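**Student:** Predicted structure and sequence below. I'll ask about it afterward.
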Amino acid sequence: MGTYGGIMTQQFEAIISIHPIYCKYIESGDKKIELRRTELPEGDYQVYETKAKGGRGAVTMKIHLSDVSTEEWAEYHVCKDACVSATEFNQYKGIRKVLYGHRISNVRVYSEPILLYDIGLKRPPQSWCRIV
């Protein structure tokens, strides 16, 4: 597929959509856990910052997700490391018995946002998807 901003685009294997406020928390190092309703495969993810609430609508960083946990966490620990309040946590969880916590590491923020078109996508993923 070529390169964009010095990055080989064929290296992109998966992409995940994250709201702008949480992207900022990831960049600052405050957000250490990504909560999801479904389990994600461990690996590297390009992060699509959604357009919601003034977001850039582009890929802004790369992260590694690992150590998937479904254990009963101490609510304070999870909320603190996921940068959500207890109310937000419970609203997101809803009636589900389990949420999946994915440890965030190896954050690489790009100097320039990458458009979806430049990595071969026509629209952002609802949650996440593999990139072929």
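**Tutor:** Sure, I can see it. Fair warning: this is a prediction, and the values are worked out from it, not measured in the lab. Residues are numbered from 1 along each chain as shown.
**Student:** what's around His102, how many residues?
**Tutor:** Using other C-beta atoms under 10 Å, His102 is surrounded by 24 other residues. Where you see a C-beta, it was placed from the backbone N, CA and C, and this is true even at glycine.
**Student:** err, Gly43, not the other one
**Tutor:** The tally of other residues near Gly43 (other C-beta under 10 Å) stands at 12.
**Student:** How about Ser105?
**Tutor:** Around Ser105 there are 11 residues (other C-beta under 10 Å).
**Student:** and what of Gly94?
**Tutor:** 8.
**Student:** where does Met8 land on pLDDT?
**Tutor:** For Met8, the model assigns a pLDDT of 45.
**Student:** show me where the protein has helices.
**Tutor:** For the chain, the helices defined by DSSP state H cover 20-28, 75-82, 86-93.
**Student:** Could you list every helix and strand in contact with the longest one?
**Tutor:** Contact here means 3 or more C-beta pairs under 8 Å, 6 or more residues apart in numbering; DSSP states H and E; on that basis helix 20-28 packs against strand 43-49, strand 58-69, strand 100-114.
**Student:** Buried deepest among those strands, which one?
**Tutor:** strand 43-49 (a mean of 22; mean count of other C-beta atoms under 10 Å).
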